[in-house]
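# sequence first, then the predicted structure:
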Amino acid sequence: MVMSDEKALLPSSSIQGGNSPSKPGWFNRNRKSLTLVLGLFLILQHFIISPYLLDLWEDASYDSNVTRKSTCEQAEAIYPKSFDVSSVVEGQKDRLVNWLSGAVKIPTEIFDVMGEIGEDDRWDVFYKFADYLETSYPLVHQHLKRTRVVTHALIFEWEGSDPSLKPLLLTGHQDVVPVLPATRGLWTHDPFGGEYDGEVIWGRGATDDKSGVIGALSAIELLIESGKFTPARTVILAFGIDEETGGKVGAYHLGQWIEEKYGKDSISILVDEGNGLAEAWGQLFAAPAVGEKGYMDLELKVETLGGHSSVPPPHTGIGYISLLIAAIEKHPHKPHLNIESPLVNFLACGADSAPKFPGHLKKSIRKVEDSLLSKHGKVDRKALKEVEDWWVEGSYLDGTLPKGMGNAMVGTTQAVDIINGGLKVNALPESVVAIVNHRISLASSVAELQQQLIDVISPVAHKLNLEVEAFGNDIQYHDCHMHQDLSGPKVGKVILNVAFNSSLDPAPVSPFTVDSPAWRLLSGTVKGVYATRPEAKLSAEEAEKTIIMAPSISTGNTDTKRYWNLTRNIYRFAYQEGKGNRFNNVHTVDEFLPADMLVEEVRWFANFIVNVDESREI
């Protein structure tokens with residue numbers, strides 16, 4: 001039986017005349033179009049629809065609560081076994097404040113260009129600082145051997161009873177960045193007054209780094225004074241005098257001195273100034289720098305013929321160098337986060353513990369972790385790129401980091417900081433120089449940076465008819481699309497060199513998992529000191545709070561670059577919680593350190609010294 005409306009549902013089959021041929025059906029008439037649509041659908045399904053549906057499936061099926069092995073396993077808190085070390089610091093706040101205040105009052109400023117010690121009298125202030133330390137810490141100077149290295153750099157050795165144990169090395173620097181005379185009026189407290197207002201110690205160096213020098217010396221003075229501790233493991237203190245200009249005099253010779261006496265790989269663990277405590281995503285972290293970026297100052301020089309400015313060429317040397325600088329800034333270095341970076345592990349720690357950690361970022365970092373722990377062990381590149389993108393832009397957009405900080409953590413940065421050229425308004429400049437500061441990503445190198453600079457500068461210089469000499473080699477630029485006839489004499493020369501003998505590859509990365517005894521000691525001491533902080537005794541809520549250890553990196557350089565031969569276990573860390581984006585106004589106006597923070601830093605130093613001494617794992 002046929003339904004009455006069948007003809008309305010099927011193509012028409014009416015016949016016009018008995019002998020007329022039938023018209024082709026609808027399907028036959030539209031066969032080509034249907035085939036084309038089907039083909040397009042299959043293409044879309046393969047390249048667009050399927051991946052999209054797969055992502056939806058992954059998102060729907062991804063369970064962030066699935067039990068998995070974390071790449072940020074936490075160490076247990078460590079407390080000294082022999083005695084209550086924190087007790088030696090109790091009631092000592094006034095003494096600690098006075099010790100740091102007195103140190104800040106001595107203006108141990110260091111400048112980019114310094115003459116020889118003994119010839120440049122700006123070094124002489126370090127005599128006064130050494131005298132101050134000797135007066136302030138009589139027990140340290142009585143029980144530790146002090147050695148002057150290159151006159152002003154200081155070594156203190158607290159000899160242990162067991163020479164088979166590798167020494168502990170604590171380092172810091174006596175020098176501070178200068179206070180520009182023009183900024184004096186901006187300071188609300190005398191930069192070298194060492195003023196204490198009942199809560200805060202004010203002045204240049206209060207945090208960077210006289211708090212580190214005074215913190216270590218105070219801890220040892222109080223330990224000796226208690227009569228409860230005599231080291232089995234030798235403790236060495238090394239205080240440089242020019243960290244703020246690269247440690248080319250102080251730390252350089254200190255490192256040589258220690259290596260000559262104790263040998264390569266002779267130190268159990270080294271702690272220098274560096275990252276501290278900070279809150280992120282509703283969780284407090286301790287984030288020691290386990291590595292630091294490389295460094296290179298580029299000297300970009302343009303040499304041209306001089307002459308009278310009344311008959312100028314199209315570009316003077318200043319014009320040429322301006323175009324070259326513009327090219328450099330137009331081609332910033334692409335950020336790159338490799339899977340070995342401590343910054344990947346830092347985010348894994350955040351995903352594990354922080355209640356406000358971004359959900360999308362947690363999913364990405366989990367995918368990276370899971371891919372590494374899978375059978376094939378092949379990293380999920382898409383997820384890793386999402387993590388990289390968060391550091392570059394997302395960390396600023398979601399308010400986690402100040403603008404530019406995340407990008408600086410994962411990429412090579414460049415900053416044109418100095419330019420000089422021209423002596424007379426009616427004379428063409430014959431030599432113009434710019435200095436470009438670079439901080440090199442952990443994933444890059446000095447060689448790679450130099451090659452990129454050549455690749456950026458050469459084509460621009462060629463178009464301007466300038467010769468190029470880069471890092472001691474003449475560069476011949478060849479381009480298959482060259483249309484200019486530049487066979488005539490060159491109008492000048494571009495010279496690329498390393499300025500100030502400043503090139504440095506990124507630092508070796510120190511161990512940062514609980515498999516490492518050094519990391520366990522550092523982490524365990526931090527957790528033990530945090531658990532016994534004064535606030536923890538005031539309420540159950542405070543006592544329940546935790547601190548998470550997470551590895552990070554330093555975007556700048558410390559004196560540790562002079563100590564690489566001594567140990568793999570180098571940690572740049574200060575038990576201080578930074579206040580504000582500038583971390584207590586370091587390197588700017590109104591530098592300060594809260595007194596309670598100083599007390600906790602000294603308590604950490606004392607506990608760390610004893611914990612390392614009691615350990616037999618390193």
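Cool, the structure landed. Numbering: from 1, shown residues only.
# for the helix or strand where Gln451 lies, buried residues please.
For Gln451, the element it lies in under DSSP states H and E is helix 446-463. For helix 446-463, the neighbour count (16 or more other CB atoms under 10 Å) marks 446, 448-450, 452-454, 456-458, 460-462 as buried. (C-beta placed from N, C-alpha, C; glycine too.)
# how about these in CSV, adding pLDDT and distance to Leu144?
Converted to CSV, these look like this (pLDDT from 0 to 100; distance: CB to CB, whole Å):
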residue, pLDDT, distance to Leu144
Val446, 98, 38
Glu448, 97, 44
Leu449, 98, 42
Gln450, 98, 44
Gln452, 97, 48
Leu453, 98, 47
Ile454, 98, 51
Val456, 98, 52
Ile457, 97, 52
Ser458, 97, 56
Val460, 97, 57
Ala461, 97, 57
His462, 96, 61
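# closest one of those to Ala289?
Closest to Ala289 out of the buried residues of helix 446-463 is Val446 (19.8 Å), distances taken as CB to CB.
# which positions within the helix ranked longest in the chain qualify as buried?
Using DSSP state H to define each element, the chain has its longest helix at helix 595-614. By neighbour count on 16+ other CB under 10 Å, the buried set for helix 595-614 is 595, 597-613.
# now that helix: how far from the chain's centre is it?
Chain-centre distance of helix 595-614: 24 Å, with CA atoms, centre = their mean, to the nearest Å.
# what packs against it?
Other elements packing on helix 595-614 under the criterion 3 or more CB pairs under 8 Å, 6 or more residues apart in numbering; DSSP states H and E are helix 93-104, strand 168-173, strand 200-202, helix 210-226, helix 517-531, strand 570-577.
# off-centre distance for the second one?
Going back to what we said before, that points to strand 168-173. Centroid separation for strand 168-173 versus its chain: 20 Å, with CA atoms, centre = their mean.
# so who does Ser615 touch?
517, 521 (CB atoms under 8 Å, 6 or more residues apart in numbering).
# burial check on Tyr196, number of neighbours?
Look at Tyr196: counted by other CB atoms under 10 Å, it has 19 neighbours.
# hmm, back to that, which neighbouring elements make contact with the helix holding Gln451?
Applying 3+ CB pairs under 8 Å, 6+ apart, one finds that helix 446-463 contacts strand 294-304, helix 317-330, strand 431-440, strand 466-470, strand 492-498.
# of the ones you listed, which is nearest Ala351?
strand 431-440 (27.1 Å).
# each with direction, which strands does that closest one pair with?
Strand pairing for strand 431-440, using DSSP bridges, gives strand 294-304 (antiparallel), strand 413-421 (antiparallel).
# so for the shortest one, what gets flagged as buried?
It stands for strand 413-421. Going by neighbour count (16+ other CB under 10 Å), the buried part of strand 413-421 is 413-414, 416, 421.
# export the residues you listed as a markdown table, with columns for distance to Glu244 and pLDDT.
Converted to a markdown table, those look like this (distance: CB to CB, whole Å; pLDDT from 0 to 100):
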| residue | distance to Glu244 | pLDDT |
| --- | --- | --- |
| Thr413 | 19 | 97 |
| Gln414 | 21 | 97 |
| Val416 | 21 | 98 |
| Gly421 | 27 | 96 |
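# for these, could you give me TSV that also reports distance to Phe500?
Formatted as TSV, the buried residues of strand 413-421 follow (distance: CB to CB, whole Å):
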residue	distance to Phe500
Thr413	17
Gln414	16
Val416	15
Gly421	18
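# how does this structure divide into domains?
The chain breaks down by the TED database into domains covering 85-275+555-614, 294-333+412-479+486-498, 342-410.
# what's the nearest residue to Gly246 if we skip its chain neighbours?
Leaving aside its sequence neighbours, Gly246 sits nearest to Ser502 (CB to CB, 6 or more residues apart in numbering; 6.9 Å).
# please verify my assumption that Ser503 contacts Gly246.
No - checked against CB atoms under 8 Å, the pair Ser503 and Gly246 is beyond contact range at 11.3 Å.
# residues contacting Gly250?
Residues near Gly250 by CB under 8 Å, 6+ apart: 149-150, 152-153, 173-175, 239-243, 559.
# from Phe471, how far off is it?
28 Å (CB to CB, to the nearest Å).
# least trustworthy helix or strand in this protein by mean pLDDT?
One helix or strand of the chain scores below all others by mean pLDDT, DSSP states H and E: helix 6-9, with a mean of 25.
# list the contacts of the nearest residue to Leu423 once chain neighbours are set aside.
Nearest non-adjacent residue to Leu423, counting by CB to CB, 6+ apart: Pro429, 7.3 Å away. Listed by CB under 8 Å, 6+ apart, the contact partners of Pro429 are 304, 306, 316-318, 421-423.
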